[in-house]
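>>> Got a sequence here, can you build the structure:
(chains A and B)
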Amino acid sequence: MSKYLLDKFLYTIDRDPELVERYRADPRAAVTWWEAERANLVLSLPEGERSTWLTFTDTEREALATHDYVRLFEFGAHPFLTLTLFIALFERDYDEPLGFQLEYARKLSHFSLPYPDIST
Amino acid sequence: MATVAAVIASTHHPFYYRASTATGADRPPFADEWVAKIEAFRETLTRARPDILVMVGSDHFHQLWLDNMPQFLIGKAPFYDANYYNEEREFGLPRMLLRGDEELSAHLLRQGLDAGFDLAFSNELRVDHSITCPLITLRPEADLPIVPVYTNIFAPPLPQPRRFVELGRTIRQLVESWPGEARVAIIGTGHLSLELGGPRQFGPHGPDPEFDRKAVGWIASGDLGSALAEVSLDSLWLPGNATHGFMDFMLMMGVAGENVKADYTDSLDLFHTMEAYFTWYPEAAR
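Okay, here's the model as predicted:
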């Protein structure tokens, strides 16, 4: 499990308008590129001082590549990060105000307390 | 010594700015009542004639990240840029530039460290909607220098609720021991019950109206005894998965003082989460 890396993906995509669009348009390609080029970049360090050990598990990679926010919740990805990014990705496809947010809640309705642990 | 001119605690609803500025068909039906409540709340700060604002909030994974996460941080900079692309995108919040008061920041840092809080600091901090929402509601001119205080209510492991209360008490004492004649308002925003990215999000009310009713009672009466007895890091998951933001309200109860009743209390039942507004006027400021 690499909750930290899932969170890092969500965080670094969400803060970059161009990456939000790339992830919306072709999630599998965006995840592949990100894991190869960005997963080991320490945000406050230059390119040359990369980490060397961060990778997704197969199930994590697949969840990201299929925009599967229900699985991300189950894995303990930080729900604020998931929600914020997925609103940016999909709110635009719904006519009703909060249409996407309410569908999101419904898709998670089988979870009961305690929710999956989000600590990293 | 400085005077604490007012102590103010409230929720920070990022949708207020858009709701209050929307017109015609875009204006939500609850906007007029919300604006009226906010304008009355704003008057409680205006009336206190503050010179400086200490602003307690929490970074929402903007500048502060999991590779280096402080628990309590005070900004010390001459200016703070404010709001982020994703807040513009989701909430329509404007970019802002706020002035800082470095002398008060330095005082809180030095004296806070000596009082037992190992505070982190930042000399270049871009603040987010936890600081700008209360400015938009309480001081939309954004003309006063600020000292931002950030707490971690977001990325576990979190400090215990009692530490929030103790930090609030300490901030109050430190402001009151700051040399000079400034009138300082201490403003902090948190949450009542709130769910983000979970099955209870965006309902017609907050996810736990019973918790909200109790919490508003604790804050309004300064009942730190009950709040500390009933609230724990574990229990705060139950009312909603983002309810740890209530600890910023507990910090403000520490600022206001145990069993000190709020001089002004108001609330508004909205979709997603309840709004609540509290103001205290310390004796010395009356």
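
>>> Tell me which residue in chain A sits closest to chain B.
residue A:79 (2.8 Å; Cβ to the nearest Cβ). All C-beta atoms are positioned from the backbone trio N, CA, C, and that covers glycine.

>>> what's the closest non-adjacent residue to that residue?
Excluding its sequence neighbours, the residue lying closest to residue A:79 (Cβ to Cβ, 6 or more residues apart in numbering or on different chains) is residue B:197, at 2.8 Å.

>>> all strands in chain B, in order from the N-terminus.
Remark: strands assigned in chain B by DSSP state E are B:3-11, B:52-57, B:72-75, B:79-82, B:96-99, B:120-122, B:146-151, B:183-190, B:264-268, B:275-280.

>>> of the ones you listed, which approaches chain A most closely?
Per Cβ to the nearest Cβ, nearest to chain A of those: strand B:120-122, 12.5 Å.

>>> strand partners of the closest one, parallel vs antiparallel please.
Under the criterion DSSP bridges, strand B:120-122 sits next to strand B:72-75 (parallel) in its sheet.

>>> re the thing from before, what about the residue of chain A closest to chain B, neighbour count?
Around residue A:79 there are 22 other residues, counting by other Cβ atoms under 10 Å in any protein chain shown.

>>> next one: residue B:234
When neighbours are counted by other Cβ under 10 Å, residue B:234 comes out with 8.

>>> what do you get for residue A:109?
Around residue A:109 there are 10 residues (other Cβ under 10 Å).

>>> gap between the closest residue to residue A:108 other than its chain neighbours and residue B:152?
Of all residues not flanking residue A:108 in the chain, residue B:199 sits nearest, at 4.1 Å (Cβ to Cβ, 6+ apart). Using Cβ to Cβ, to the nearest Å, we find residue B:199 at a distance of 25 Å from residue B:152.

>>> follow-up on the earlier one: what residues does the residue nearest to residue A:79 make contact with?
By Cβ atoms under 8 Å, 6 or more residues apart in numbering or on different chains, the contact list for residue B:197 reads A:73, A:78, A:79, A:80, A:81, A:82, A:83, A:104, B:241.

>>> quick revisit: who are the neighbours in contact with the residue nearest to residue A:108?
For residue B:199, the contact set (Cβ under 8 Å, 6+ apart) comprises A:105, A:106, A:108, A:109, A:110, A:111.

>>> rerun at 7 Å
A:105, A:108, A:109, A:111 (Cβ atoms under 7 Å, 6 or more residues apart in numbering or on different chains).

>>> ok and the residue in the stretch 51-200 of chain B nearest chain A?
Closest to chain A within the stretch 51-200 of chain B is residue B:197: 2.8 Å, counting by Cβ to the nearest Cβ.

>>> Pull the number of nearby residues for residue A:92.
Neighbours of residue A:92 using other Cβ under 10 Å come to 9.

>>> phi, psi of it?
Dihedral pair for residue A:92: phi -60, psi -20, per degrees, to the nearest 10.

>>> Residue A:72 now?
Residue torsions, per degrees, to the nearest 10, at residue A:72 are phi -60, psi -40.

>>> Which pLDDT value goes with it?
On pLDDT, residue A:72 comes in at 98.

>>> ok, so what distance separates it from residue B:74?
33 Å.

>>> repeat for residue A:113
For residue A:113 relative to residue B:74 (Cβ to Cβ), the value is 35 Å.

>>> Show me which of the two is the more surrounded one.
residue B:74 (25 against 10).

>>> give me every residue that touches the more buried one.
Residue B:74 neighbours (Cβ under 7 Å, 6+ apart): B:105, B:108, B:109, B:119, B:121, B:147, B:149.

>>> For residue B:37, the count of nearby residues, please.
For residue B:37, the tally of surrounding residues (other Cβ under 10 Å) stands at 16.

>>> Same question for residue B:7.
Neighbours of residue B:7 (other Cβ under 10 Å): 31.

>>> Span of stretch B:221-240 from start to end?
Length of stretch B:221-240, first residue to last, Cα to Cα, to the nearest Å: 23 Å.

>>> Enumerate residues external to that stretch that contact any of its residues.
Residues beyond stretch B:221-240 that count as contacts (Cβ under 7 Å, 6+ apart) turn out to be A:113-114, B:158, B:160-162, B:165, B:193-195, B:200, B:207-208, B:211, B:217-218, B:243-244, B:246, B:250, B:253, B:256-261.

>>> Could you tell me which residues within it count as buried?
For stretch B:221-240, burial by neighbour count (16 or more other Cβ atoms under 10 Å in any protein chain shown) applies to B:221, B:222, B:223, B:224, B:227, B:228, B:231, B:236, B:237, B:239, B:240.
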